[in-house]
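Engineer: what's the 3D shape of this:
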Amino acid sequence: MSNLHHRQNSGPSDHARSVPQAPSTASYITFEAGQFAGRTIRVELTELQKAESGRKQVDRRPLDPPPAVQLRLFEPPDGAGQWERELLYENVLNVGLMCTVDLFPVPEDMYGASSPASLASPRSPPYPSPPYIDALQSSGYAPMRSPLTYYPLHPYTSLDASGSGQVEGSLSPFDIPRRQPMLGYLHHTDRPSDTVHQVGNHLITESSKLTPALVGERFTEPTLVDYQGRKALIFVFGDLAVRREGVFILRYRAFDIYSNVPDSPHKPVLSELYGGPFKVYSTREFPGLEPSTELTRTLSKYGVRVTLRDAERKSKKRGKGPGGAASDDE
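Structural biologist: Below you'll find the predicted structure:
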């Protein structure tokens, strides 16, 4: 059954959605088996809450606040309409719907950006320019745009059989670098072949993926909750930590393990989303934890396992505890 509140196919804001636009059929998927068999649906992920900080996984502290992603399902307009129809989520079976996460490093200066828009627009990096940029500028042939940055294939990463990607699980806990790798610089015409996303002037490459550094639940089912006056399906990663320090983003991918699509033996990625940046600190540098967000509190009422805090908890500096042992608190 479809939602009576029809949604325009595209638009960055509520204001933009008031103007009908033609649907983009490229993002629709037709299912041949499962709960959506015979239906054509577009799947959308929205990051409702990104992690802000975490502690390196020595004391097994999850990211805070817990990352939360909304799953939305739309059917295309009928023959005479210009509006998508959003499904009623109380009629959607959440069994088989899954969301997984991957971890990617990003430059340190991306943490603390004021808004997603500031991340999306090209920015001049605050770090020194590489030598070839300085040479071009001194010769009067300065580039029109700032150079692109990326993380080259680091020495801890293995190549797959084709020599073009990372073997999942190839990093052991002892091989994961403790801190951020060195940035590489590129001309805008020299993008790596495995580029999967761009944030400002920084390229996210599949070979820079550090998913083995994640600890805890890397996949989860959605929970049906009341959100902004309507039912919603939300994936929550309440038990996810990172083994190393640095600034990262998560890549979310949605699947339906019980639904099949024509001419494909594999379960397709129904939707993909790159989240906002967060920082993982050493225990000594960890600044403390903020009070739980309203969304986190709401999710806990529906049985989602999350940690609740009523007040800010500052990190105490490591010192000598009883018997001379080092100790710290949140």
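Engineer: okay, now the unreliable bits of this structure?
Structural biologist: 1-26, 57-60, 80-81, 113-145, 154-181, 311-330 (pLDDT under 70).
Engineer: try 90 this time
Structural biologist: Along the chain, the parts satisfying pLDDT under 90 run over 1-27, 53-61, 77-83, 109-147, 152-184, 186-190, 243-244, 259-268, 282-292, 305-330.
Engineer: could you list the paired strands of the helix or strand hosting A254 along with their orientation?
Structural biologist: Assigned by DSSP states H and E, A254 belongs to strand 246-256. According to DSSP bridges, strand 246-256 forms sheet pairs with strand 97-105 (antiparallel), strand 271-274 (antiparallel), strand 278-281 (antiparallel).
Engineer: for the ones you listed, give me JSON lines that also has distance to R305 and mean neighbour count.
Structural biologist: For every residue, glycine as well, the C-beta is placed using N, CA and C. Converted to JSON lines, the strands paired with strand 246-256 look like this (distance: least, Cβ to Cβ, whole Å; neighbours: other Cβ atoms under 10 Å):
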{"stretch": "strand 97-105", "distance to R305": "16", "mean neighbour count": "22"}
{"stretch": "strand 271-274", "distance to R305": "23", "mean neighbour count": "18"}
{"stretch": "strand 278-281", "distance to R305": "20", "mean neighbour count": "21"}
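Engineer: quick one: which of these is nearest Y302?
Structural biologist: Closest to Y302 of the strands paired with strand 246-256 is strand 97-105 (Cβ to Cβ; 15.7 Å).
Engineer: span of stretch 300-308 from start to end?
Structural biologist: End-to-end span of stretch 300-308 (Cα to Cα, to the nearest Å): 8 Å.
Engineer: same deal with stretch 286-298?
Structural biologist: 26 Å.
Engineer: buried residues in that stretch?
Structural biologist: Buried residues in stretch 286-298, defined by neighbour count with 16 or more other Cβ atoms under 10 Å: F286, L289, S292, T293, L295, T296, T298.
Engineer: would you confirm that the last one contacts Y227?
Structural biologist: Yes. Using Cβ atoms under 8 Å, T298 is in contact with Y227, at 7.5 Å.
Engineer: do a quick rundown of the strands in the stretch 101-250 of the chain.
Structural biologist: Ranges of strands in the stretch 101-250 of the chain, per DSSP state E, counting those that start in this stretch, are 148-150, 184-186, 195-199, 202-205, 214-216, 219-220, 222-227, 230-236, 240-242, 246-256.
Engineer: could you dump those strands to CSV with distance to Y302 and mean neighbour count?
Structural biologist: CSV is the format used below for the strands of the stretch 101-250 of the chain (distance: least, Cβ to Cβ, whole Å; neighbours: other Cβ under 10 Å):
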stretch, distance to Y302, mean neighbour count
strand 148-150, 40, 21
strand 184-186, 44, 17
strand 195-199, 31, 17
strand 202-205, 32, 21
strand 214-216, 20, 17
strand 219-220, 13, 16
strand 222-227, 5, 17
strand 230-236, 9, 21
strand 240-242, 18, 23
strand 246-256, 19, 22
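Engineer: among the ones you listed, which is nearest E84?
Structural biologist: Nearest of the strands of the stretch 101-250 of the chain (Cβ to Cβ): strand 230-236, 15.6 Å.
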